[in-house]
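Peer 1: After the sequence you'll find the predicted model.
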Number of protein chains: 2
Amino acid sequence: MGQNLTLIIPVLGALGLVYTFWKTAWVGKQEQGTDRMKSIAAAISEGAMAFLKAEYKVLAIFVLAVSILLAFSAMGEANSSPLVGVSFIVGACCSALAGYLGMKVATQANVRTTNAARTSLGKALEVAFAGGSVMGMAVVGLGVLGLGALFLIYSNMGWDTVKVITVITGFSFGASSIALFARVGGGIYTKAADVGADLVGKVEAGIPEDHPLNPATIADNVGDNVGDVAGMGADLFESYVGSIVGTMVLGAAFIGLTEFSGDLRFGGLNAVLLPMLLAGVGILTSIIGTFFVRVKEGGNPQSALNWGVNGSSIIMVVLSYFIIKWMLPESWSYQDMLSAEAHTLTANGVFIATLIGLVAGLAIGFITEYYTGTDKKPVMNIVRQSGTGSATNIIAGLATGFISTMWPTLVLAAAIMGAYHFGGIYGIAIAAVGMLSNTGIQLAVDAYGPISDNSGGIAEMSNLPKEVRERTDKLDAVGNTTAAIGKGFAIGSAALTALAFFASFIEVYNRTHPDNVLTSINLAAPDVMAGLFVGSMIPLLFSALAMLAVGAAAMDMIKEVRRQFSDIPALKAALEVMRRNDGKDMNTWTSQDQKTFNDADGKAEYGKCVEISTKAAIRKMVLPGLIAVIVPVAVGKLGGAAMLGGLLAGVTVTGVLMAIFQANAGGAWDNAKKMFEAGVEIDGKMYYKGSDPHKAAVVGDTVGDPFKDTSGPSLNILMKLMSVVALVIAPFL
Amino acid sequence: MGQNLTLIIPVLGALGLVYTFWKTAWVGKQEQGTDRMKSIAAAISEGAMAFLKAEYKVLAIFVLAVSILLAFSAMGEANSSPLVGVSFIVGACCSALAGYLGMKVATQANVRTTNAARTSLGKALEVAFAGGSVMGMAVVGLGVLGLGALFLIYSNMGWDTVKVITVITGFSFGASSIALFARVGGGIYTKAADVGADLVGKVEAGIPEDHPLNPATIADNVGDNVGDVAGMGADLFESYVGSIVGTMVLGAAFIGLTEFSGDLRFGGLNAVLLPMLLAGVGILTSIIGTFFVRVKEGGNPQSALNWGVNGSSIIMVVLSYFIIKWMLPESWSYQDMLSAEAHTLTANGVFIATLIGLVAGLAIGFITEYYTGTDKKPVMNIVRQSGTGSATNIIAGLATGFISTMWPTLVLAAAIMGAYHFGGIYGIAIAAVGMLSNTGIQLAVDAYGPISDNSGGIAEMSNLPKEVRERTDKLDAVGNTTAAIGKGFAIGSAALTALAFFASFIEVYNRTHPDNVLTSINLAAPDVMAGLFVGSMIPLLFSALAMLAVGAAAMDMIKEVRRQFSDIPALKAALEVMRRNDGKDMNTWTSQDQKTFNDADGKAEYGKCVEISTKAAIRKMVLPGLIAVIVPVAVGKLGGAAMLGGLLAGVTVTGVLMAIFQANAGGAWDNAKKMFEAGVEIDGKMYYKGSDPHKAAVVGDTVGDPFKDTSGPSLNILMKLMSVVALVIAPFL
């Protein structure tokens, strides 16, 4: 059965991929609409692919270099093997492939969603969600297939299981590296284009968003794809893989215990196989969930998405119970490094730990929703403070971000203690797996967002009738709560996974250094405290680099747009016409003006802006990425394992706080701005788009952009990447 | 000799107080100037004293309640005594008294500085510095006198020294509590008034800064005193006392070692008495330093201040060497909880540790100066980014704040490891004492700043000739580098002191719980990790509460100013006249307009604004203050000593990072704005006050205000307060 199960797991992964190909084909068969729509979509798709190509070219060098270093370090180590370099390459490739597949279909689905929106909302939802679900299933399918296949192959090499798993950690390292670069690079790309397009196009020249006159508009739409789709795909791929690998490492500690080795069904590997099986079954439930997402004409798209996510979650919880009870012994006794006495663990306890993970993820999601939701108290406070200008808007947003860390931190602290109480360290790790077992459908909903967003942009640029844009806006507005919950799961699982890696690192270090066992990472020791200080600083440094990169790239973009506006005669003329007819309906313009304006259409050199964003993103992603990989190696080699432990704890704790702070401040500013756009009352007076308080709120939103879309989400990856680096190098310290 | 030394220490403290009274009398004898100057100064002084009275009234209840609780908890504990409550009261009173004395003389020195500036710059410097030095010497004098006297008294109660010191920790707790409330309350007060006065007065109504027409102007000037003088005094009092007490606790661990008990000169108390003696001698060197501060007509005030600080520092370093060599044994062997083997410590090593502290403080100061200095790269980047609006200005400032944490963190990590290497845990603590031994003169320079600032305000409000304001501005501009160095010392010493308390907490816990010794605070244990998470979140929560308080109070202030502008006919008429003569020189106005304008003088109801700031500050300081005191008690009681250890580590590390981030972001924004006011070139074009980029920079400065003057500096106290609470309650856990 153990052998059978190791075969079944990759098959479940492959199933996810089959779904992916099936849906990709379906999306490809949908109509694209007018020629103009086709050409715009092609420009976006080309820009996105060009970026991915440029990015992957740089990353290929990085992956090759690191894999050689890894293989070289592992040579001659009894507990590792040069194949760890191969694991690294496979992990990196799977992550890159997940990003590629997701983005490929997203750039096909966007225009098809727009076209579907010309006829009906339900049809548009179907196309957009199909696009998103490709991304979702590609991530989980490749994750389970890659891990399962490597496990199968390495298990047949005559190694003991501990060695197999140690070598597999390279897979997670590969995935995390690509994820970090993709998130940072994609984040810089999208925000440079966004800020550049907004500041010159919308504010200076007064062109509406997504207008074809704006040279940065294609880059802006490309950005949504490379940042929000490919970046997010790589991100969740690494979360997903990380939580599984972390649990496998910790589960290996149980091998050899009587209760396990006596269980002939799984050859004593019960706790190692469990996370992979849970993830594999999660693919099935996610696929089932996608069938719930159906909306009839006039139905509510929100409840369709909720049905999908909630339905598959409930099935998954029920199945988890039976799987855990089936795979784990009733109870067993285990002594970890944390306590003087042995802990009695039970299958029931492990199930409770997964539930704790789930509840914690949900709770953090709802807290996120509270602090960033429109009409809620915190956002209303930002709205009110916008009445006295942008300074008070910024202060209120920063304060909201800071204070919003309180409850999630308390929830996490409780979850850590609860999961440990019920399932030991293994329980902490499996709580993360519990959170992420539904990644397939969760990510489908997340990726659906940028697809709808893009489809709106295409509608605008293609001069389609107003109702089309209205439908795509409706699609875009839906799923905010689901997205907030998704964010909660992302942050919660990142924290738990990083902790699982942290524990795994100590576990592997001790296994491979029997003469020099770490019995404690003592906070009172100066090297650990120094490590904690340095580690805590990394997320701030990292955020700063990302923000400065966005700032610099946006400046380049602004200069290029200004240059085009002054150097390209057709654009210059069209802008003058616009200014002369300031705000008036185009039908009232003179026919000469209308002609001048229409002649400028397509004259903007979109490619130049795409190139600027691409170059800046690629150049600026390198330093932050290298810091994340090099710092733990340097600290571990020079300062020793205990100092490295302090470093990891620091990165994780401050990383979680900064991630929550930045995500929520950004989200709250965004929604405060949106409230003005819908019209809002302050002290009995109504304010709308264009009012002074709205302008103040736009400043906050612009500040929040790199927070929530560049540095914030990268931090989730950063903490896992640094701890998986520690885990991978633990045998070589 | 040991007995003699315990007598000499309070005498050195008393000497500081004698200096204080002498200088206070001298300041009092200086001329105040015109009647108008007198009445304005009186209004400021009354407002400041009214605030202090209201604040101390609330704090008296708090102090009484806590002291009773402390005394009650200590009853029946063999290692403590109910007198710990008395120590607490004495510490609180000394801190409050230091704040009171400093502010009393500051509100006398301000107008006398203005008056002196009517004749000469040198004379003005003399008065302002005399005012500052009263504050400086009051802080160190009361600190050394209070501690020395308590030590003397408790030593004669027949207790062993460990118990004496345990009971004395209450003094530090008292000092920290008052400091936190004073900093938070003062910070809220000053920024509410400042933001309120600026936003309605300067921006909405177009009145110049410090103009008598602005109802919030007196409150603004009161704020400088309660925030920057009294708040800072209480702050440094607690740093100073904290580092001494922390070192005493750790020094007590050496009592009984052969090398010490054989030294008949100090009865084995060498390491306990050393920090007090160093501090006492530091008072002498500070007094000597004040005599170096002399500027001849046409001389440079900056170099005068530098001479004072550097001269006394050099003397202090030389004296420290001889004192340490005299008091400590050549070498001794000691085994702390951190290592399996005994550490050999030496007098030379301890001296090197103090040097490390000094160098680290200087280094952090210079780094601060780099990140916040005008014309330096980071501020220039903010200036450039102001060219594209307030959003990019804010992003650049936040990024600068984040990145500015890197070097100070590395310096601190190195200092922690270095000081430990040379002097063990005792070395970490004494490094903080080394940084702070010169507090007397350092604080004199710091407090001189707000006095000069106030004197400028009085010059403006009294319609004195332009050159007076120019002289006071020159005074105000001087000493920025010294202030930056002071900030470096404040942050560095706070971190080291918090760590010393952290180690002392474990030391005292183990002394008082011999059956349940903490051998390690293991980061891998879930309760410690949970504590670390919660602790790291506290500085963010705390910052949020402070910022929200400033926001809310500023709104109240804005409403009140707007009300006065519309309800008080004279003000309303004067504003209309101003608007009508928009920007024109007053001499060109019609005589009727001039009369209307002059009639409004003094019609603003300043008291109402003072009341609003006072009430808001008092009301809003309570919650953050209580959190700081209650959280460690709750975590310690419910989660145990190890979890409390995790909490303290989290508070310290994130507290240091947030303190640096907020101070430097605020400082950089401030100076970016100032560069525009002096005129600055961006991309070949000059920009001045009133330009769009300047307006963007003003937004950044306003955001930075609560950062650098309210929440940022409070964090230094927060981390020490929470760890001293842990230290004090350690025997009762």
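Peer 2: Yep, it's here.

Peer 1: hang on, residue A:332 in a strand?
Peer 2: Yes. Counting by DSSP: H, G, I helix; E, B strand; the rest coil, residue A:332 is part of a strand.

Peer 1: gap between it and chain B?
Peer 2: Shown here: residue A:332 relative to chain B, a distance of 19 Å by Cβ to the nearest Cβ, to the nearest Å. C-beta here means a position set from N, CA and C on the backbone, and glycine is covered the same way.

Peer 1: could you dump stretch A:99-112 to CSV, C-alpha only?
Peer 2: Extracted in CSV, the C-alpha atoms of stretch A:99-112 (Å, rounded to 0.1, in the frame of the first residue of the first chain):
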residue,chain,number,x,y,z
GLY,A,99,3.6,30.8,-13.9
TYR,A,100,3.9,30.4,-17.6
LEU,A,101,0.8,28.2,-18.1
GLY,A,102,-1.3,30.5,-15.9
MET,A,103,-0.3,33.6,-17.7
LYS,A,104,-0.6,32.1,-21.1
VAL,A,105,-4.2,31.2,-20.5
ALA,A,106,-4.9,34.5,-18.6
THR,A,107,-3.8,36.5,-21.7
GLN,A,108,-6.1,34.4,-23.8
ALA,A,109,-9.0,34.5,-21.4
ASN,A,110,-9.0,38.3,-20.9
VAL,A,111,-10.1,39.2,-24.4
ARG,A,112,-12.5,36.3,-24.5
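
Peer 1: And that stretch, how far out from the chain middle?
Peer 2: Remark: stretch A:99-112 is offset 17 Å from the chain centroid, using Cα atoms, centre = their mean, to the nearest Å.

Peer 1: Neighbours of residue A:99, how many?
Peer 2: 29 (other Cβ atoms under 10 Å in any protein chain shown).

Peer 1: Could you list the low-pLDDT ranges of the stretch 451-600 of chain A?
Peer 2: Applying pLDDT under 70 to the stretch 451-600 of chain A flags the ranges A:479-483, A:583.

Peer 1: Residue numbers of it in contact with chain B?
Peer 2: Counting by Cβ under 8 Å from any Cβ of the partner chain, the residues of the stretch 451-600 of chain A lying close to chain B are A:499, A:502-503, A:506, A:519-534, A:536-537, A:540-541, A:543-545, A:547-548, A:550-551, A:554-555, A:558.

Peer 1: swap the cut-off to 6 Å and go again
Peer 2: Within the stretch 451-600 of chain A, the positions adjacent to chain B are A:506, A:520-526, A:529-530, A:532-534, A:536-537, A:540-541, A:543-544, A:547-548, A:551 by Cβ under 6 Å from any Cβ of the partner chain.

Peer 1: now the helices for the stretch 601-733 of chain A?
Peer 2: A:606-678, A:692-706, A:712-729 (DSSP state H, counting those that start in this stretch).

Peer 1: Next, see if stretch A:626-643 gets close to chain B.
Peer 2: No. Using Cβ under 6 Å from any Cβ, stretch A:626-643 stays clear of chain B, coming no nearer than 8.7 Å.

Peer 1: Give me the contacts around that stretch.
Peer 2: A:180, A:509, A:518, A:521, A:527-528, A:531, A:644, A:647, A:718, A:721-722, A:725-726, A:729, A:733 (Cβ atoms under 6 Å, 6 or more residues apart in numbering or on different chains).

Peer 1: cool, and stretch A:60-68?
Peer 2: Residues contacting stretch A:60-68 (Cβ under 6 Å, 6+ apart): A:85, A:88-89, A:92.

Peer 1: Only the buried residues of it, if you could.
Peer 2: Going by neighbour count (16 or more other Cβ atoms under 10 Å in any protein chain shown), the buried part of stretch A:60-68 is A:62-63, A:66-67.

Peer 1: Can you tell me which of the contacts of stretch A:626-643 has the most neighbours?
Peer 2: residue A:644 (34 neighbours).

Peer 1: excluding its backbone neighbours, what's nearest it?
Peer 2: residue A:636 (4.1 Å; Cβ to Cβ, 6 or more residues apart in numbering or on different chains).

Peer 1: before we move on, what about residue A:28?
Peer 2: That would be residue A:108: by Cβ to Cβ, 6+ apart, it lies 6.2 Å from residue A:28.

Peer 1: The one you found: neighbour count?
Peer 2: Residue A:108: 21 neighbours (other Cβ under 10 Å).

Peer 1: can you check residue A:474 too?
Peer 2: When counting by other Cβ under 10 Å, one arrives at 17 neighbours for residue A:474.

Peer 1: Over to it: give its phi and psi.
Peer 2: The phi/psi pair for residue A:474 (degrees, to the nearest 10) reads phi -60, psi -40.

Peer 1: quick revisit: can you tell me how far the residue nearest to residue A:644 sits from chain B?
Peer 2: Residue A:636 sits 15 Å away from chain B, taking Cβ to the nearest Cβ as the criterion.

Peer 1: now residue A:672: how far from residue B:389?
Peer 2: Distance, residue A:672 to residue B:389, by Cβ to Cβ, to the nearest Å: 18 Å.

Peer 1: Kindly apply the preceding question to residue A:357 instead.
Peer 2: Distance of residue A:357 to residue B:389, given as Cβ to Cβ: 43 Å.

Peer 1: my guess is residue A:212 is in a helix, correct?
Peer 2: No. Secondary structure of residue A:212 (three-state DSSP): coil, not part of a helix.

Peer 1: Please say which of residue A:672 and residue B:389 ends up with more neighbours.
Peer 2: Set residue A:672 next to residue B:389 and count neighbours by other Cβ under 10 Å: residue A:672 wins out with 33 against 21.

Peer 1: wait, doesn't the more buried one sit right on residue A:380?
Peer 2: No. Residue A:672 is beyond contact range of residue A:380, at 8.3 Å (criterion: Cβ atoms under 6 Å).

Peer 1: can you tell me how far the residue lying closest to residue A:659 once chain neighbours are set aside sits from residue A:676?
Peer 2: Closest residue in space to residue A:659, ignoring its immediate chain neighbours: residue A:715 at 4.1 Å, by Cβ to Cβ, 6+ apart. According to Cβ to Cβ, residue A:715 and residue A:676 sit 29 Å apart.

Peer 1: same question, residue A:490
Peer 2: 28 Å.

Peer 1: If we only consider the contacts of stretch A:60-68, which is nearest to residue A:173?
Peer 2: Residue A:173 lies nearest to residue A:88 out of the contacts of stretch A:60-68, by Cβ to Cβ, at 5.6 Å.

Peer 1: who's in contact with that closest one?
Peer 2: Residue A:88 is in contact with A:67, A:70, A:170, A:173-174, counting by Cβ under 6 Å, 6+ apart.
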